[in-house]
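Student: here is my input, please return the structure:
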Amino acid sequence: MKKTGEENKSSTKSLDIKNIIIALMSVLLTLSLLFNFLILGRLSNIQDNLNCEGLQDGLFHQMNSTLDKIRHLRQQVIDREVIKEDDIIGVPIDNQLKEDIKEYNKLVSMLRGFFSEMAIETIIAVLEPRNEDGEIYAPDTRNYLELPSEVREYTEIIADLSLYRDCTELLCNHPRLAYIISHEGGGSYGLWPYLWHTEYLREQDYIRESLNRLFELVEKIITSLDNEYEQLRQGDRNLVCP
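Tutor: Numbers count the residues shown, from 1 in each chain. Model prediction:
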């Protein structure tokens, strides 16, 4: 009987140890599963962040490229350059703005040509450049490349500045023109810049109307580009990963 009791006690202790071991293994398994779950969740978050950051980088690059194009386009208008089709590729502009740019291009080309002819006549009258035969060059645009380089340079400067509302001030203050204007002799005494958009265009209704229309388009196009630029910048600020 005593031996049997001892065996029962030994058997009970063995079962208790097994139960403890099983319980510990269950706890360890649970902890292992929980640890793996947390690790996988962490890795998933890291991957999501990387994906989000990669997407952000791509969007930021694309948006910055578009903003650069808008800035470049705006500067072209300020400089009165003709805008090519390639210059507006990738720029989010509506049909109305496209039509405004087309009209702007036509006016810039036409007016620059008109004022180039006026400039050639004026510069030749002021400088009186002479050819090899000692004769003053004829103000003929058909032989433009045969004119002295100095005449062509002044002509291009004057034609460009003529496309601005404050052209008189720009002409008088230009470093290449200021000297010849201030030292000009003859009947005009350097008054021609002050008559450029007024007296000289008195009988040129179409040119005056075209010039005023160009000024309107310049302001309209720049305003539209500025608005588009600000909208894109606002969208840039909203590109933030959660």
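
Student: quickly find the element holding Val218.
Tutor: Here Val218, judged by DSSP states H and E, is contained in helix 205-237.

Student: could you list every helix and strand in contact with that helix?
Tutor: helix 2-78, helix 95-127 (3 or more Cβ pairs under 8 Å, 6 or more residues apart in numbering; DSSP states H and E). C-betas here are computed from N, CA, C, even on glycine.

Student: distance of the nearest residue to Phe115 once chain neighbours are set aside relative to Trp196?
Tutor: In space, and not counting its chain neighbours, Phe115 is closest to Ser162: 3.8 Å by Cβ to Cβ, 6 or more residues apart in numbering. According to Cβ to Cβ, to the nearest Å, Ser162 stands 7 Å off from Trp196.

Student: by mean pLDDT, which helix or strand of this structure comes out lowest?
Tutor: Least confident element among the helices and strands of the chain, by mean pLDDT, DSSP states H and E: helix 2-78 (a mean of 63).

Student: sorry, back to before: list the buried residues for the helix holding Val218?
Tutor: Within helix 205-237, the residues that qualify as buried by neighbour count (16 or more other Cβ atoms under 10 Å) are 207, 210-211, 214, 217-218, 221, 224-225, 228-229.

Student: save these as CSV, and put in distance to Ile158 too.
Tutor: Rendered in CSV, the data for those read as follows (distance: Cβ to Cβ, whole Å):
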residue, distance to Ile158
Ile207, 15
Ser210, 17
Leu211, 14
Leu214, 16
Leu217, 22
Val218, 19
Ile221, 24
Ser224, 29
Leu225, 28
Glu228, 33
Tyr229, 32
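
Student: adding distance to Glu153 and pLDDT, write the residues you listed out as CSV.
Tutor: Conversion of the buried residues of helix 205-237 to CSV gives the following (distance: Cβ to Cβ, whole Å; pLDDT from 0 to 100):
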residue, distance to Glu153, pLDDT
Ile207, 24, 98
Ser210, 25, 98
Leu211, 23, 98
Leu214, 24, 99
Leu217, 28, 98
Val218, 25, 98
Ile221, 29, 97
Ser224, 34, 95
Leu225, 31, 95
Glu228, 37, 91
Tyr229, 35, 90
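
Student: that older thread, tally of neighbours for the residue nearest to Phe115?
Tutor: Neighbouring residues of Ser162 were enumerated by other Cβ atoms under 10 Å; the total is 22.

Student: wait, it sits on Leu111?
Tutor: Yes. The pair Ser162 / Leu111 is scored as a contact, 7.1 Å apart, by Cβ atoms under 8 Å.

Student: what's the distance between Lys107 and Glu132?
Tutor: Actually, residue 107 is Leu. It isn't Lys. The span separating Leu107 from Glu132 equals 39 Å under the rule Cβ to Cβ.

Student: more neighbours: the two, which one.
Tutor: Shown here are Leu107 and Glu132; by other Cβ under 10 Å, Leu107 has more neighbours (19 against 5).

Student: how about that one, what does it touch?
Tutor: 210, 213-214, 217 (Cβ atoms under 8 Å, 6 or more residues apart in numbering).

Student: dump these to JSON lines, plus distance to Ile180.
Tutor: Conversion of the contacts of Leu107 to JSON lines gives the following (distance: Cβ to Cβ, whole Å):
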{"residue": "Ser210", "distance to Ile180": "28"}
{"residue": "Arg213", "distance to Ile180": "31"}
{"residue": "Leu214", "distance to Ile180": "27"}
{"residue": "Leu217", "distance to Ile180": "32"}
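
Student: so which of those is the closest to Leu177?
Tutor: Taking Cβ to Cβ as the measure, Leu177 lies nearest Leu214 of the contacts of Leu107, at 21.5 Å.

Student: alright, calling it a day.
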